[in-house]
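A.B. asks: any chance you could fold what I've pasted below:
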Amino acid sequence: MAQAVSIKEVARLAGVSVGTVSNVLNRPEKVAEETRDRVRAVIERIGFVRSESARQLRAGSSRMLAMLVLDMANPFFAAVAKGAEAAAREAGLGVMLGNSAGSTAEEDYYLSLFAEQRVRGVLVTPADTTGRGLGDIERRSIPYVHVDREVPAAEGCSVSVDDVMGGTLAVRHLLDAGHRRVTYISGPMRLPQCRDRHAGALAALREAGLPDDALHLVESARLDVASGIDAGARLLGLPERPTAVFCANDLLALGVLQAMYAAGVRVPRDLAIVGYDDIEFAAAAVVPLTSVRRPAQRMGRAAAELLIEETAEDADDHRHRSVVLQPELVVRGSTLRTSQSG
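C.D. replies: Prediction:
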């Protein structure tokens with residue numbers, strides 16, 4: 001393997017100092033045009049590539065943001081990352097992406113790695129709801145923003161969606177359609193998002209004058225299609241099936257839809273289904289899925305903009321903010337608009 005060309009070699013061939021080469025790379029406006037052209041010609045001729053890690057050590061900052069998502073297999077988080085990447089690119093920055101897959105061990109690994117890489121800041125949807133995993137980047141004074149998780153502004157910046165309202169919208173829609181046997185299919189209830197959607201569902205029941213136990217809870221270990229299929233099979237075994245289900249995300253809902261289709265249960269006539277997130281696949285399902293839409297790309301962009309603001313050179317006047325976006329119910333073919341349940 002050929003040895004990497006050093007900045008000293010560029011300086012020698014261009015007949016300038018190492019400091020002049022550094023200025024051409026980092027502060028070109030300080031170098032005379034003729035000298036800049038000569039140094040750049042040498043760089044192009046010998047294929048010099050500057051060391052970003054060395055530049056970071058000298059400048060004390062990086063051009064890379066890091067992002068740690070809860071589940072990259074979920075298209076919702078892919079859309080969040082896309083929004084963050086767009087904001088970063090506009091600021092001349094890049095995004096390094098990690099996937100905890102809901103594992104606190106994976107979260108610890110990536111956060112430690114991001115700290116070692118001296119990233120500019122971190123966008124994170126924590127798998128560890130205690131926040132202990134953030135200790136490594138806190139000790140190194142690396143700024144971070146919570147994504148899809150609301151925290152008090154005193155603790156840092158965050159961008160989230162009002163999931164309590166989202167749960168209310170979903171179950172209110174089902175109750176308005178006449179359903180009284182409703183099941184909430186949740187992911188792990190240790191996750192605040194799942195708990196908030198459940199709280200919103202209960203709020204809709206109380207609004208309609210119904211008791212909390214009118215909502216049946218089925219908790220799944222994961223928020224994926226396979227868990228939805230399993231939850232659907234559990235529903236099919238109940239002595240009295242629900243007439244409607246509200247799922248904590250669209251992947252669970254699509255799994256339930258598959259289970260019903262395989263068992264010959266008609267959606268929406270025999271079972272109405274509401275999902276959450278409104279991922280692209282929701283509208284393309286064999287029965288288009290009613291879903292609570294969360295503005296994923298806007299969430300990612302807003303979080304990245306907060307982090308960029310906090311890490312700017314003139315960030316002394318930065319104040320932590322908690323941004324809460326609003327959900328929207330998108331009604332499609334998987335729910336009933338008229339009362340057909342009892």
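
A.B. asks: element containing residue 190?
C.D. replies: If you go by DSSP states H and E, residue 190 is not part of any helix or strand.

A.B. asks: now do it against residue 127, distance only.
C.D. replies: To residue 127, residue 190 is 10 Å away according to Cβ to Cβ, to the nearest Å. For the C-beta atoms, the positions are set from N, CA and C on the backbone; glycine is no exception.

A.B. asks: repeat for residue 34
C.D. replies: 55 Å.

A.B. asks: higher neighbour count, those two?
C.D. replies: More crowded of residue 34 and residue 127, by other Cβ atoms under 10 Å: residue 127, with 23 against 8.

A.B. asks: count of neighbours near residue 95?
C.D. replies: 20.

A.B. asks: same question, the one 10 residues further on
C.D. replies: By the measure other Cβ under 10 Å, the count of residues near residue 105 is 12.

A.B. asks: so it sits in a helix?
C.D. replies: Yes: Residue 105 sits within a helix when classified using DSSP: H, G, I helix; E, B strand; the rest coil.

A.B. asks: per-residue pLDDT, it?
C.D. replies: On pLDDT, residue 105 comes in at 91.

A.B. asks: what ranges do the strands span in the stretch 151-300 of the chain?
C.D. replies: Here the stretch 151-300 of the chain has its strands, by DSSP state E, counting those that start in this stretch, at 157-161, 182-186, 215-219, 244-247, 272-277, 290-293.

A.B. asks: so what's residue 168 up against?
C.D. replies: Neighbour list for residue 168: 200, 201, 203, 204, 207 [criterion: Cβ atoms under 8 Å, 6 or more residues apart in numbering].

A.B. asks: scratch that, residue 150 is what I was asking about
C.D. replies: By Cβ under 8 Å, 6+ apart, the contact set of residue 150 is 158, 160, 192, 322, 324.

A.B. asks: for those, give me CSV that also has neighbour count.
C.D. replies: Shown next, in CSV, are those (neighbours: other Cβ atoms under 10 Å):
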residue, neighbour count
158, 23
160, 23
192, 17
322, 17
324, 12
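
A.B. asks: now, which of those residues sits nearest residue 132?
C.D. replies: Nearest to residue 132 among these: residue 192, at 15.4 Å, using Cβ to Cβ.

A.B. asks: I figured the closest one was touching residue 146, is that so?
C.D. replies: No: using Cβ atoms under 8 Å, residue 192 is not in contact with residue 146, being 10.4 Å away.

A.B. asks: circling back: would you reformat the contacts of residue 150 as a markdown table and include pLDDT and distance to residue 272?
C.D. replies: Formatted as a markdown table, the contacts of residue 150 follow (pLDDT from 0 to 100; distance: Cβ to Cβ, whole Å):
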| residue | pLDDT | distance to residue 272 |
| --- | --- | --- |
| 158 | 95 | 33 |
| 160 | 96 | 27 |
| 192 | 92 | 26 |
| 322 | 94 | 34 |
| 324 | 96 | 28 |
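
A.B. asks: now, which of those sits nearest residue 267?
C.D. replies: Nearest to residue 267 among the contacts of residue 150 is residue 192, at 29.3 Å by Cβ to Cβ.
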